[in-house]
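**Q** Sequence below, structure please.
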Amino acid sequence: MKAASTPSHLLTFRTQGRLYACDLLWVHEILRQPGVTEVNCAPPEVLGLIHLRGQILTALDLDRRLGHPPAARPPAARCIVFKTAGELARLAAPPADADRAGNDLVGILVDSIGDILTTNQDLLPPPNDSLSKLDTACFAGVLARPEGLVALLNVGHLLSPSALAAT
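**A** Below is the predicted model of the structure:
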């Protein structure tokens, strides 16, 4: 299998000690210590809603969305807010999976934000479906970095309204 090439700018972040990255083109903004309002009868991967300057943002639990057990968030948690389909359509060169974006603001809560990586490194393939109960379609691949392996998220699949409805 030929290794895929990675986007040139990646935002890294951690949750439960795991290191992840996403294409920076997807990122709308990062919120500090967001106030999340729980919603009764919401799917388990939905933590709740965040009021963001007159708009409502759905906050996802990345761990549950990927198939990891949930964990308590640290007080300094951050929320990575992703661009909507409309915002991505206005980009000169949108990310490859931008067609999967929805029209509503969605974010993921993470423990901490890392660095922005500039890389032309090839991706290693994502984990095999049979090796774990994780939703491996959410992974675009893995990067080998000095700080360890970095799982590159397929944000389009992670946030896809159809994928969220199926979980």
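
**Q** May I see the buried residues of the helix or strand hosting I116?
**A** Using DSSP states H and E, I116 maps to strand 112-118. For strand 112-118, the neighbour count (16 or more other CB atoms under 10 Å) marks G114, L117 as buried. Just so you know, the C-beta spots here come from the backbone N, C-alpha and C atoms, and that holds for glycine as well.

**Q** Partner strands of it, with direction?
**A** strand 9-15 (antiparallel) (DSSP bridges).

**Q** What lies in contact with the next helix-or-strand element following the partner strand?
**A** Counting by DSSP H and E, the element after strand 9-15 in chain order, helix or strand, is strand 18-23. Contact partners of strand 18-23, identified using CB atoms under 8 Å, 6 or more residues apart in numbering, comprise 7, 9-14, 62, 68, 80, 95, 110, 114, 117, 143, 145, 147-153, 155.

**Q** Please produce a ChimeraX select command covering the buried subset of the residues you listed.
**A** Buried residues within these, by 16+ other CB under 10 Å, are selected in ChimeraX with:
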select :7,10,11,12,13,62,68,80,95,110,114,117,143,150,151,152,153,155
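
**Q** All the strands of the protein, in order from the start?
**A** Counting by DSSP state E, the chain has strands at residues 9-15, 18-23, 27-32, 46-52, 55-61, 78-82, 106-110, 112-118, 139-145, 148-153.

**Q** got any ranges where the protein has weak pLDDT?
**A** 1-7, 127-135, 161-167 (pLDDT under 70).

**Q** Any idea which residue is closest to the centre of it?
**A** In the chain, the C-alpha nearest the mean C-alpha coordinate belongs to V155, at 5.2 Å (CA atoms, centre = their mean).

**Q** For S112, see how far away the nearest residue to that one once chain neighbours are set aside is.
**A** Of all residues not flanking V155 in the chain, W26 sits nearest, at 4.5 Å (CB to CB, 6 or more residues apart in numbering). Separation of W26 from S112 (CB to CB, to the nearest Å): 18 Å.

**Q** For the residue nearest to V155, the count of nearby residues, please.
**A** Counted with other CB atoms under 10 Å, the neighbours of W26 add up to 25.

**Q** tell me the contacts of it?
**A** F82, K83, L88, P95, V155.
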